[in-house]
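Peer 1: below are the sequence and a predicted model for it; my questions follow.
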Amino acid sequence: MLTAHWLYGLSGCLIMTFGLRAVLLNDSLLQRIIALNVMGTGVFMILITIAYRGPDAAPDPIPHALVLTGIVVAVSATALALTLIRRLTEEQDND
Amino acid sequence: MNFDTWLPLFVVLSSLLPGLVMFFLDEGSHRLRTVLNMSGALLKLLLVGVITWGVFHQHIYETRWTLAPGLELVLHADTLSVLFVILSTVLWLVTTVYAIGYLEKSPHRSRFFGFFSVCVSATVGLALAGNLLTFVLFYELLTLATYPLVAHRGTPEALRGARIYLAYTLTGGVLLFTGTVWLHSIAGSIAFVEGGTLNQLHADYHPQLKVIFLLMITGLGVKAALVPLHGWLPQAMVAPAPVSALLHAVAVVKAGAFGIIRVVYDVYGVEFTHELGLLTGLGIIAAITIIYGSVKALSQDNLKKRLAYSTVSQVSYIALGITILGPIGTIGGIVHLVHQGVMKITLFFTAGNYAETLGIHKVSEMDGVGQRMPATTLAFSIGALGMIGIPPVAGYVSKWYLALGSLEAGMAWWVMPVLVTSSLLNAAYFLPILYRAWFKQPATKWPSEKILPARFETQAALLWPPLITAVLAIAAGMFAASPYSPLEWASLITRREYGL
Amino acid sequence: MIDTLIWLVALPLASALATQLLPRYATAIVISTAIATSINAAALLYAVATHGVMLYQIGGWTAGLGIALRADGLSALLLMMAAIVLLASSIYASAYFNDNPLRRRFWPLWLLLWCSLNALLLSGDLFNLYVTLELLGLSAVALASLGGKTAALQAALRYLLVGLLGSMLFLAGVTLIYAGYGTLDLATLSRVVAAGPIAWSALALMTVGLLLKTALFPLHFWLPPAHGSAPAPVSAVLSALVVKATFYLVMRLWLDIFSEVVTPQAASIPGVLGAAAVLWGSWQALRAERLKLLAAYSTVAQLGYLFLFFPLLQALPAGAARDAAMGGLVILALTHGLAKSGLFLAIGIIQQRSGHDTIRDLDGTAQRLPATTFAIALSGIALIGLPPSGAFLGKWHLLAAAFSAGQWLWVVVIMIGTLLAAAYTFRVLGHAFGQQPYPRHPVTIAAEEWPALILSAFATIGLGLAGAPVWQLLKVSL
Amino acid sequence: MPELLLVCLAGLMLSLLLGLIRVLRGPEAGDRMMAAQLIGTTGVGMLLLLSLLLGQPALADVALILALLAAVAAAAFSGQQRETGND
Amino acid sequence: MNATNMLFLDILLVIALLSLAWATLTATDARRSVILFIAFGLVLTLAWARLLAPDVALAEAAIGAGLSGALLLAAVQHHPRRALSSERQNTGKLANEKQNDSNPADLKSSVAIRWTLTLFCIALAFVLIWALLQALSSETSDTLAQSVSANLANSGVSNPVTAVLLNFRAYDTLLELAVLLTAVLGIFALSEQRTGYLPAGPVFNGLVSWLVPALILMAGYLLWVGAHAPGGAFQAGATLAAAGVILRLAGKRNIGLPVSKSYLNIILVIGSGLFLLVGLTMLALGRPFLDYPPAMAGYLILLIETAAMISIAATLILAFLGGRPRNREDRSC
Amino acid sequence: MNEQLLILSWLLPLLVAPLALFNRHWPASLAAVPALITAFFVPAGTVVQIPWLFLGSHFGLDHNASIFLMFSAVIWFVAGLQAELTMRNAPLWARFRFFFLLAMSGNFWLILSQDMVNFYLGFSLMGLSAYALVIHSATSKSLFAGRVYLIMTLLAESALLAGFLFIYSHTGSLAPAAGQLAGISNWAIGFLILGLGIKAGLVFLHVWLPLTYTAAPIPASAVLSGAMINVALLGWIRYLPVGQETLPEWGSLLVIAGTASIVFGAVAGLVQSKAKTVLAYSSISKMGFMTSLIGLAMLAPEQSEYIVMAVVFLAAYHGLAKSALFLGIGIVKAINSKLTFMLLLLPALVLAAAPFTAGSMMKTVIRPVIDNWQGEWIHVLPILLLTSSFATAMLMVRFLVIMSVELSLRPKKSFSIALPWVCLVALLIFVPFLLDHSFSPVIDSWPLAAVITGSLLLLYIRPPWMYSLPGLIPAGDLLFPMMTLGASARLYIRAFTCRVNSKIKTLICQLNNNFRNLIRFALSLTGGKS
């Protein structure tokens, strides 16, 4: 087990829980979306950490592929969420 | 796979299918609906005739259908089920005629007759049920199909009545269901077997069996209107008269009573029930119900409510008969299933006639109605006298056997007073009606009299059914000892139950 | 034959693209796709019944490296249910959105939802499941937001956030699994998984994520507004299928893949939550003022029943009793799916005709819309669990399992829940039967009324009387 | 050679740290954005260094993209005035 | 490069990441949050690079740091107040909608619940770390990575990540494209394009004039290079989308996207459509779905990637637009 | 033929009853003709079994039944004819006829039935139909009388049924032979005594009787007092184990109760102001005597044969005489001639067992009993006899006194309506002579003769004190204190239940509130809005 595993794995977990806490507790919709993204990042970090095999070994490509997919999915969701928020505020302005 | 295998199913379907078709009929297609109704009823009668003959000659009619592993839908014709099936089939035929007359020109007839047929199918289904699961299934179906009929008029009272009806019956249904599942998990699949099978279970299960019995009887007691579970019955009287007549006087309450018979005789076995010490409790409740219902009926001015409380009281005779250990009491209970049905349906028909023709809903409005509607009132009188237990109307036979059974079983010290008190109370709430109807001078104007073109006192379709059922009631009493009477059939059932 | 699996995913996807490209022919495309997919699902069901588990390795790569599609009895049944519900809802929607400009937006999303559902039910790969979950979530949110009103948007947004959070937690669990076992393939995983912190925490993460999406009490808060404000066909599918899909995953994980890992204590957690859901959901449904909210809360309650099975299935030893209970669980889920979709479709009709769905003001509905009221009644029967509905059999087995496992508490919960369900169902019907002047010849659109009726009837009569094959099919498992 | 690179890396790390502090402390949004840009620029440098150090030429591409996209973010931040249209 | 030096870098990056994440999530102002998030994304790119995940780093740089940032910034700027307003206020507006359920906003206001959730998160973190460390320290089989490299030759590409994405796990990617499509359809369903920007000033125009071509060029490069080196459709698409964003900011109304609905639809659909078509063609050829013939694999992947890039780019731009582009006639009325 | 006649006897009245509703002209009492024929021409011992009817029916004519049928048929026939003649134009005549025929049918039915179900059936048919006869005039008095009658009749029926059930469960036969009755339970005996005791107007159970007889139209009173009341005796004879075993407790109970009835009937009857009421009390008194005789038969089984014979005879002559008296009231009231009054005197004398009348045959009948008596109760019988005769004589005097008042009041009507009655009186006087050739009127009871003579004197003088007595005891006597008692008890019970009710209601209300608060509290915890 590598130091990098320790460091990044740990921070991945922490970032994820930070994100989770913020998703649960934050009032602002936008910030919750950001928090979700942060949380996702934490998960991705864990994945990338798993893939890491040391400075000289080729990393496992599968988690990388997974993370790539994950990023795209996350950005899609974020885009939809942001549009929803916008539409909602418009509706409320109209009311 | 032959005709015998499917016959019980056909009996159920013969009313179910016309019912389902009727839902989709246009309100105006009166004739087609009538044709469907009548042909269904007659076909059913025919099929039931075949079954009756066969069961008498020890043929086996059984439809099986697997619902899930270990859960089978079984329709099985035995003597007991045939008794109930005949009752509901014959009365359905009569009631259909009555209902056609009663609901003439009223809205939503397609819906009404649709549900009506479904109700009858459910009743027949639970009569033919060959195991507890099937029974529960049709039992609940009956609840459901009755609800729209009670709520039919859509007035706030009707809705309220329907709500109360449901609250009671569904609660009962849930209890019954729970008990059934519990029993199933202990004893496996529970077919109705004459004499019951549970006595073979290990004694460790006996406490559980007691609780299950309690659950099931409570569940069935709701429909059988055992006090204190009877509250729905008077409320459900807001339904149109044919509904009160067939369903509340016969199908629904009988379903409960029939269920109690099944549970006691064919699931637990009456001796085993007695061993568990459960019969006495049931008997006491039945006795309380008999008295309570009669006392309540005394103070009802609303005719249908009075009849409803009378039903509460009368149906418990069946339960009482069950609790009387020994074949004679059993005969009394079982035969009362039929007798009470025929008599009470007569009463409800006539009550409906009064309401429909003259707008009479209250006992206090009935002064002299015998002069205006003699035939109807005659039928009413016959029903009422039968309820009191005066021969030759059928009621006396039941009472006779109940009392006799209690003597045999050594229970006379409390059963007889109950019977006597109840008979007197019956007289006390029926005879004043007869007095009013026959001997008092009519009021100058009826509450809301319909101008009828008919030759008779009311429409023929309303008049004949009660007369027919009244004749049936008398016949059942007069020819009680003849080979095809309900009494003889009840004796046959009892002989088979007790293995005599 | 085996291509059925991929076609179940590919066809809706292809049609989604086609409807986007050719909006003019959208309805025809959707209906034909719906029919074809239903036939597909039926074919799969038949194939599973006759040939056992179906496996399809996409790209020809062995499972693990590639992604495999798998169908066993459970997934085939759920696929079939999805097909039925979606077929009916599609027909319904074609009338519902008759002239509405929204239909152009609706159809592609609708088909994408279908595609994602099928993909999810067939997927044999954990990460692929994550992707399908997201696809499902996003398409569901997009559909739910079509309601357009502030409430719908609000609900959709909440739904989206919850969905995202749920899938993220699921992904975290998947990550742990990959870290611990180096595989994403479900079949491989079920072989190698062992009790320990990795399995526990991965299962916990995935479960919490899925439960969020499944709306198990107390994570149900998002469901009533989302299901209550979406357009009717969408609500139908959301309540009937979308939550079911995630529930299917929970089931897969707990009862199948991680069954060795789960302890009785752990299994009692979903049980307790399920019990709470039953009581709370039913109670809220009883107090709801709008039909749709009622239906939505009823979903919360009904999902609770499904979770009641978990402690029981855990407690029962493998054998006939457990198989029976398992069948009960599935048939309960299937019945609820069909019934609830029927209910929502029916509510949609009422809403369209009368312009509202306030329960208090439903008087005369039975007169005006008899078939619709009948559909509501039928689905109500299934929701209560009265015979002859499939839910009756489900509850039977639930109770039976509770009795055999000696876990009496659930019995009480089930009884109370049933009564509450009856209360809320008949509260609606009571109002519907109320008196009101009514037109003699009510306006009926067959395409709208029939799907609701058929779905409810299927749930109430079809599954109840012809539900035995479910148990047969469930014997075919991974 | 690696030593030189390492020294550079250290410098960039320092820069990153400073940027980090500024980003975290603000006070104005503009300050933060500027600091973020600093991080971005530093990142470009670091990526290039890492590309050499780790023997990963692809990281140069990353650096390029980072540079370009950071500009996009900055552009987005700078906030083009919106049309006052039918909003 | 020795471990100690790396350790310094690692520690710095981890500290930076953690503090940025924390700051992002606890910022009182959404705008600040967004900026911090962008910074977070930038640092994250470094971390990915450090962990030898250049593909991810590319994607992060393009999407995480760039496009997400732009999207969020646009959101903040468009709705400076509302976007920040709490959900509680929003629900408060729904006077006619009686909420039977307990409102989560109410829940959150309770200090006790705040703490409970926080404690829960802390516990979760510990559990996660515990489990993760267990997982990392145990000798897990590396069979999957090995089989990737073993089958790489047959995949048609030499970059293992691309191989995984577009061959071994192509199905995932297909669905992922469907997710993108869903998102953009959802966006369409929600609204038309939002108000545009005023035409840019000369400085900005200058930026546009070199940045856009560079981005387009870069996109093409990434697409091409993806086959054997880090890069690929997503990164390329995102880069292309960035160009669109820039154009958009410069007041270009349609960013070169077709106004015609059907053309736009084709662009949106082409990624997943072509992908699906290729997959189904294999089916028609008697092969399993998406089972490319090894000889053709490279070309097919390139084809798919190209189409995917177009769709991805269009999708991302439309996401930024927040709706379907409107033509001028629309605006005039 | 005999069998058919047997069935027709009770079936014909039943069948023609509905017709009577529609045709008011032909004489309905002709329906009694088959019964008459049966009684006189069908030999005793004829049996008809109808197994399918009811629980298995068994009809037959034994010796006792034959006599009962004989006099009952005559009474019904005559009363019916008189009703036709006097009431034809009265309101509700059709209804009266209808129920008259039903009651007639019931009476014949029960006489002819040999099984308990049919007996019970006839009993209730008769009893319930008679209700309609009682309330015929629809005055408040008759309605009240009707109500009391109905309640008591129903009680009687219930008790009878219960008794029958016990018998059936003991013997296992619906038509038990006399021998089978030995050893039946005390319950059976008790219920039979209770049920039929009501019918027989045994003291304490008699309250309905004076009211009813007073209220009913005259032909109805005639059949009530002449035919219906006697069925009690028939029932006892048939179903009590008379002659099968010694039942000292029950026997003495009946003797005591009978004696009490004799005395009470006399005392209460003497102070009545209405002729019908006096006759009613006379019936009580007379039935008391017969009841005592049955009691004696239970005390001394070996004597039972004679006693039963005596009872049957007494029943017959009492029935005929009493109905003649009742019918006479109507005749006298309608035709106030000396002749009719004199004719009325005849049945009165017969009833009082005056010498030279059929009544004095009683002695002949009782004599063998006294002669053969072995037991300790030997002294009772003559005393009873004397008391009864004395009481009857007094009552007859009282009756005639009241009737004599009527003489001066009424307008004259055609004598033709009196024809059936005259025939009846004639029958009463002469038939015994025809039947029994050995009959010789004896004058061996000088006290009785003295009483009768004195009474006739009294009748002639009419002292004023005789007019101050009436009103001391109202008709229905014991009923009124009992009713007062019952009413106050009901009031008390109602008050009590009201209190309990309101308490329970308050409690439920409280519980309800508590529950509602609990729910509210729970909701506030969960953040929902109530």
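Peer 2: On my side now, so go ahead.

Peer 1: tell me the contacts of B:Lys254?
Peer 2: Remark: with contacts taken as CB atoms under 8 Å, 6 or more residues apart in numbering or on different chains, B:Lys254 is in contact with B:Phe84, B:Leu87, B:Ser88, B:Thr123, B:Val315, B:Ile318, B:Leu337, B:Gly341. For the C-beta atoms, the positions are set from N, CA and C on the backbone; glycine is no exception.

Peer 1: gap between the last one and chain C?
Peer 2: The gap separating B:Gly341 from chain C is 24 Å, by CB to the nearest CB, to the nearest Å.

Peer 1: again, but for the fourth one
Peer 2: In this structure, B:Thr123 and chain C are separated by 15 Å, where distance is defined by CB to the nearest CB.

Peer 1: same deal with the third one?
Peer 2: In this structure, B:Ser88 and chain C are 19 Å apart, going by CB to the nearest CB.

Peer 1: ranges for the strands of chain B?
Peer 2: B:61-68, B:71-77 (DSSP state E).

Peer 1: could you do chain C as well?
Peer 2: Using DSSP E, strands in chain C cover C:54-57, C:68-71.

Peer 1: tabulate the ones you listed (TSV), appending mean neighbour count and distance to B:Leu467.
Peer 2: As requested, those are exported to TSV (neighbours: other CB atoms under 10 Å in any protein chain shown; distance: least, CB to CB, whole Å):
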stretch	mean neighbour count	distance to B:Leu467
strand C:54-57	19	68
strand C:68-71	26	65
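
Peer 1: and B:Thr178, which of the ones you listed is closest to it?
Peer 2: Nearest to B:Thr178 among the strands of chain C is strand C:68-71 (36.1 Å), distances taken as CB to CB.

Peer 1: ok, residues contacting that closest one?
Peer 2: Identification of contacts with strand C:68-71 by CB under 8 Å, 6+ apart yields C:5-6, C:9, C:44, C:47-48, C:53-58, C:79, C:121-125, C:185-187, C:478.

Peer 1: okay, it in CSV with CA atoms only?
Peer 2: C-alpha atoms of strand C:68-71 as CSV (Å, rounded to 0.1, in the frame of the first residue of the first chain):
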residue,chain,number,x,y,z
ALA,C,68,-23.2,-8.7,-19.4
LEU,C,69,-26.9,-8.5,-19.6
ARG,C,70,-28.7,-11.1,-17.5
ALA,C,71,-32.3,-12.1,-17.1
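
Peer 1: mind listing what residue 17 touches?
Peer 2: No chain was given, so I picked chain A. Contacts of A:Thr17 by CB under 8 Å, 6+ apart are A:Gly42, E:Cys121, E:Ile122, E:Leu124, E:Ala125, E:Leu128.

Peer 1: that was the other one, I meant chain F.
Peer 2: Here F:Ala17 is in contact with F:Arg97, F:Phe98, F:Phe99, F:Leu101, F:Leu102, F:Ser105 (CB under 8 Å, 6+ apart).

Peer 1: tell me which of those is nearest to B:Leu431?
Peer 2: Looking across these and measuring by CB to CB, the closest to B:Leu431 is F:Phe99, at 14.1 Å.

Peer 1: and the closest one, how far from chain D?
Peer 2: To chain D, F:Phe99 is 96 Å away according to CB to the nearest CB.

Peer 1: okay, and that residue sits in which element?
Peer 2: Element membership of F:Phe99 [criterion: DSSP states H and E] is helix F:93-112.

Peer 1: could I get the average pLDDT for that helix?
Peer 2: Across helix F:93-112, pLDDT averages out at 90.

Peer 1: near chain B at all, whichever helix or strand comes after it?
Peer 2: Counting by DSSP H and E, the next helix or strand C-terminal to helix F:93-112 is helix F:116-134. Yes: shown here: helix F:116-134 in contact with chain B (CB under 8 Å from any CB of the partner chain) through F:Val117, F:Tyr120, F:Leu121, F:Ser124, F:Leu128, F:Ala132.

Peer 1: neighbours around B:Ser482, how many?
Peer 2: A count of neighbours around B:Ser482, defined by other CB atoms under 10 Å in any protein chain shown, yields 17.

Peer 1: if I read this right, it contacts B:Glu488, doesn't it?
Peer 2: Yes: under the criterion of CB atoms under 8 Å, B:Ser482 makes contact with B:Glu488 at 7.0 Å.

Peer 1: just the buried ones from the contacts of strand C:68-71, in ChimeraX syntax?
Peer 2: With 16 or more other CB atoms under 10 Å in any protein chain shown as the criterion, this ChimeraX line picks the buried residues out of the contacts of strand C:68-71:
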select /C:5,6,9,44,47,48,53,54,55,56,57,58,79,121,122,123,124,125,185,186,187,478
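
Peer 1: so how far is chain D from C:Glu260?
Peer 2: Counting by CB to the nearest CB - C:Glu260 and chain D are separated by 42 Å.

Peer 1: for that residue, what are its contacts?
Peer 2: C:Val193, C:Ala194, C:Ala195.

Peer 1: restrict these to those near chain B?
Peer 2: Applying CB under 8 Å from any CB to the contacts of C:Glu260, none is adjacent to chain B.

Peer 1: just the buried residues from the residues you listed, in PyMOL please.
Peer 2: The PyMOL selection below is limited to those of those classed as buried (16+ other CB under 10 Å):
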select buried, chain C and resi 193
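
Peer 1: could you give the number of residues near the residue lying closest to C:Ile58 once chain neighbours are set aside?
Peer 2: If the residues on either side of it in the chain are set aside, C:Ile58 comes closest to E:Tyr171, at 4.6 Å by CB to CB, 6 or more residues apart in numbering or on different chains. Residues lying near E:Tyr171 (other CB under 10 Å) number 27.

Peer 1: of the contacts of A:Thr17, closest to F:Trp250?
Peer 2: E:Leu124 (92.7 Å).

Peer 1: right, and that closest one touches A:Arg21 too?
Peer 2: No: contact between E:Leu124 and A:Arg21 fails when scored by CB under 8 Å: they sit 9.1 Å apart.

Peer 1: pLDDT score for the residue nearest to B:Val243 when sequence neighbours are not counted?
Peer 2: Nearest non-adjacent residue to B:Val243, counting by CB to CB, 6+ apart: B:Leu149, 4.5 Å away. Looking at B:Leu149, its pLDDT stands at 88.

Peer 1: now B:Ala473
Peer 2: 93.

Peer 1: filter the contacts of A:Thr17 down to the buried ones.
Peer 2: Buried among these (16+ other CB under 10 Å): A:Gly42, E:Cys121, E:Leu124, E:Ala125, E:Leu128.

Peer 1: show me where the stretch 201-350 of chain F has its helices.
Peer 2: F:208-215, F:218-223, F:231-239, F:248-270, F:275-299, F:304-334, F:338-351 (DSSP state H, counting those that start in this stretch).

Peer 1: next one: the stretch 101-250 of chain E
Peer 2: Under DSSP H, counting those that start in this stretch, the stretch 101-250 of chain E gives helices at E:104-109, E:111-137, E:143-151, E:160-163, E:170-190, E:202-225, E:233-249.
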